[in-house]
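Asks: The following block contains a protein sequence and its predicted model.
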Amino acid sequence: MPNTAVEYLHVVAAVIRGNDGRILLAQRPTHQHQGGKWEFPGGKVESGETPLQGLSRELHEELGINVQQAHPLIKVRYVYPERAVLLDVWEVIAFSGVAHGREGQLVAWYTAEQLPTLEFPPANYPIITAARLPERCLITPEPHNTAEFLHQLEQRLHAGIRLVVFRAKSLAADDYVALAREVIALAHEFEAKVVLNSPPIPIAEADGLHLTSSQLWHTPRRAGQWLSASCHDGRELQRAAEIGVDFALLSPVLPTLSHPGAAHLGWAAFAAAVEDVNFPVYALGGMENSHVATARLNGGQGIAAIRSVWDGV
Ligand SMILES: Nc1nc2c([nH]c(=O)n2[C@@H]2O[C@H](COP(=O)(O)OP(=O)(O)OP(=O)(O)O)[C@@H](O)[C@H]2O)c(=O)[nH]1
Ligand SMILES: [Mg+2]
């Protein structure tokens, strides 16, 4: 939860994507705060500027590029001993000009998967996660027929799905493990990630472990893999923050076909809950592909869905 007694310096920074999907980083000059480390280019918002105006100015000053298309990616609050920063991070998907270090700083393009190997300021960990995560997350429907399930999954991967929560409550433990291994192998052919919802045993090849909201209260962290969680309100999101999840799904944001009359959060409550945590959050519940932009405008990483992502890509 943001510390309201602290005054956060508003900093805008950019995950700049080139045509090949790589990300442009700059090295902070040694005399600066957190000098020598890699950064997402950007700087302090000046008074009277909107965040996007500040970002456009900073990227022109530092890199000589003009922002043409950008959208919010994540906000991270971090308290350094000497200052507190609100890192307001945008994804820049179109720009003009050739990026170069106009202030003498080293700049370089890296793939998202290379980012965890580089040294960044300590505030940047959630930004790296957000940069590695796609805007849509597929939660698998119950697998009734294994061959058909894998065929459907392959089609979704061909259509661009890069994050899968494998959930199969109806399977016995052995069957879950066997199918999970096939799901992971298939997804990895597409460089997609698989997080496992309630695996009966740890599976080393998985990319992460996904906790149900009740598991939030007693499950320890598994080193080396992502930890994600399903949350239903701000309190559960706070708990997920306490145990150090890498990302979360927050639901139900909109009414769902499966629970038509049930209470839902709505976008305003989604945005308020997301504002209070420092990790990527997907909107879940009643999501269609067309909601990606709305989710992002409300501070989310994107959307998570079973039906619309499985049936509708
Ligand atoms: N631009 C940028 N700043 C970051 C990142 N991570 C991070 O903790 N910061 C912190 O955000 C603060 C402001 O960034 P900045 O030094 O780029 O600000 P600026 O461009 O206006 O620089 P200036 O003060 O030299 O004019 C610094 O304390 C810096 O350490 C990051 O990835 N990118
Ligand atoms: Mg700067």
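Replies: Received it, and whenever you're ready, just let me know what you need. Ligands and ions are numbered 1, 2, ... in the order given.
Asks: What are the buried residues along the helix or strand of the chain with the lowest mean pLDDT?
Replies: Every helix and strand in the chain was compared by mean pLDDT, DSSP states H and E; the lowest is helix 307-311, with a mean of 81. By neighbour count on 16 or more other CB atoms under 10 Å, the buried set for helix 307-311 is S308, V309, W310. C-betas here are computed from N, CA, C, even on glycine.
Asks: who touches the last one in this structure?
Replies: Applying CB atoms under 8 Å, 6 or more residues apart in numbering, we find W310 in contact with L138, T140, P141, Q152, R156.
Asks: how far away is it from L25?
Replies: Separation of W310 from L25 (CB to CB, to the nearest Å): 35 Å.
Asks: For burial, what's the neighbour tally of T294?
Replies: The tally of other residues near T294 (other CB atoms under 10 Å) stands at 17.
Asks: and the chain, what are its domains?
Replies: Domain assignment of the chain by automatic domain parsing yields the ranges 9-132, 136-311.
Asks: ok, which stretches of the stretch 151-300 of the chain are strands?
Replies: 163-166, 193-197, 208-211, 226-231, 247-250, 281-284 (DSSP state E, counting those that start in this stretch).
Asks: need the longest helix for this structure.
Replies: Longest helix in the chain, counting residues (DSSP state H): helix 173-189.
Asks: Any buried residues in that one, and which?
Replies: Y176, L179, A180, V183, I184, L186, A187.
Asks: got a list of what the nearest residue to E46 once chain neighbours are set aside touches?
Replies: The shortest distance from E46 to any non-neighbouring residue, by CB to CB, 6 or more residues apart in numbering, is to G54 (6.3 Å). For G54, the contact set (CB under 8 Å, 6+ apart) comprises H10, V12, G43, K44, V45, E46.
Asks: and stretch 91-107, how far out from the chain's middle?
Replies: Counting by CA atoms, centre = their mean, to the nearest Å, stretch 91-107 is centred 23 Å from the centre of its parent chain.
Asks: how would you label the residue nearest the centre of the chain: helix, strand or coil?
Replies: The chain has A130 as the residue nearest its centroid, 3.3 Å off, counting by CA atoms, centre = their mean. Using DSSP: H, G, I helix; E, B strand; the rest coil, the structure places A130 in helix.
Asks: Report pLDDT for it.
Replies: Model confidence at A130, expressed as pLDDT, equals 98.
Asks: and the chain, which residues reach ligand 1?
Replies: Counting by CB under 6 Å from any ligand atom, the chain comes close to ligand 1 at 11, 13, 32-34, 39-40, 42-44, 58, 83, 85, 87, 121, 123-124.
Asks: Any of the residues you listed buried? List them.
Replies: By neighbour count, with 16+ other CB under 10 Å, the residues of the chain next to ligand 1 hold 11, 13, 34, 39-40, 42-43, 58, 85, 87, 121, 123-124 as buried.
Asks: Going by residue numbers, what spans are helices in the protein?
Replies: 51-63, 125-132, 146-158, 173-189, 234-242, 266-275, 292-297, 307-311.
Asks: Using JSON lines, lay out the strands of the stretch 151-300 of the chain together with mean pLDDT.
Replies: Output for the strands of the stretch 151-300 of the chain, formatted as JSON lines (pLDDT from 0 to 100):
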{"stretch": "strand 163-166", "mean pLDDT": "98"}
{"stretch": "strand 193-197", "mean pLDDT": "97"}
{"stretch": "strand 208-211", "mean pLDDT": "94"}
{"stretch": "strand 226-231", "mean pLDDT": "96"}
{"stretch": "strand 247-250", "mean pLDDT": "98"}
{"stretch": "strand 281-284", "mean pLDDT": "98"}
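Asks: Which stretch among the ones you listed is buried most, on average?
Replies: Among the strands of the stretch 151-300 of the chain, ranked by average contacts under mean count of other CB atoms under 10 Å, first place goes to strand 281-284 (a mean of 29).
Asks: so the residue nearest to the centre of the chain makes contact with V89?
Replies: Yes: using CB atoms under 8 Å, A130 is in contact with V89, at 7.1 Å.
Asks: what is in contact with those two at once?
Replies: Shared contacts of A130 and V89, counting by CB under 8 Å, 6+ apart, come down to V15, L73, I74.
Asks: The second one against W90, yeah?
Replies: Yes: distance between L73 and W90: 5.9 Å, which falls inside the contact criterion (CB under 8 Å).
Asks: shared neighbours, these two?
Replies: Joint contacts of L73 and W90 (CB under 8 Å, 6+ apart) are V15.
Asks: so how far is stretch 189-196 off the chain centroid?
Replies: Centroid separation for stretch 189-196 versus its chain: 15 Å, with CA atoms, centre = their mean.
Asks: Mind putting the strands of the stretch 151-300 of the chain into CSV with distance to A5?
Replies: CSV is the format used below for these (distance: least, CB to CB, whole Å):
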stretch, distance to A5
strand 163-166, 37
strand 193-197, 36
strand 208-211, 31
strand 226-231, 26
strand 247-250, 26
strand 281-284, 25
